[in-house]
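Q: Predicted coordinates and the sequence they were generated for:
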Amino acid sequence: MTETTGPDTTQQTASSSGEQPSAPRLLLVEDDRVLAPLLLEVLAENHEVDHAPDGQAGLHLALTRSYQLMVVDRGLPAIDGIDLIGRLRARGISTRHGLGCCWSRTTACWRRC
């Protein structure tokens, strides 16, 4: 199920019946209109996922909510992924499992920022 949580953000949560412990909360900051829905679908199987389509929306969510993990695209509009993570660290924002920045050209790469 996808819920709108702001003008440029969505929240993807797996539906469940009955009381279960809440899933870890993850922030996905991804602007690719093809890749983002695929990542949301996969990540929502085991996480509560908030999605921001650009760095400005990602910054807003990261400053107003708590996340155990943030996955940030490097090449974002408004604020790029490296700058976004730098701004969060400067404000003392961290996550339980870290901040990650990822990007792809012809192969997938992962760099812990």
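A: Alright, I've got the coordinates.

Q: make it CA atoms for all contacts and neighbour counts henceforth
A: Will do.

Q: low pLDDT regions in this structure?
A: 1-21, 96-113 (pLDDT under 70).

Q: try 90
A: Residues of the chain that meet the criterion pLDDT under 90 lie in 1-24, 68-69, 73-75, 78, 81-82, 85-86, 89, 92-113.

Q: how about the helices of it, start to end?
A: Ranges of helices in the chain, per DSSP state H, are 35-43, 55-64, 81-90.

Q: between the second one and helix 81-90, how big is the angle?
A: Right, helix 55-64. Per axes from the mean of the first three to the mean of the last three CA atoms, to 10 degrees, the angle that helix 55-64 makes with helix 81-90 is 20 degrees.

Q: Go ahead and name everything in contact with stretch 28-47.
A: Stretch 28-47 is touched from outside by 12-14, 23-26, 49-55, 58, 70-73, 76-77, with contacts defined as CA atoms under 8 Å, 6 or more residues apart in numbering.

Q: ok so, going back, mind giving me JSON lines with the helices of the chain and columns for mean neighbour count?
A: Converted to JSON lines, the helices of the chain look like this (neighbours: other CA atoms under 10 Å):
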{"stretch": "helix 35-43", "mean neighbour count": "14"}
{"stretch": "helix 55-64", "mean neighbour count": "18"}
{"stretch": "helix 81-90", "mean neighbour count": "17"}
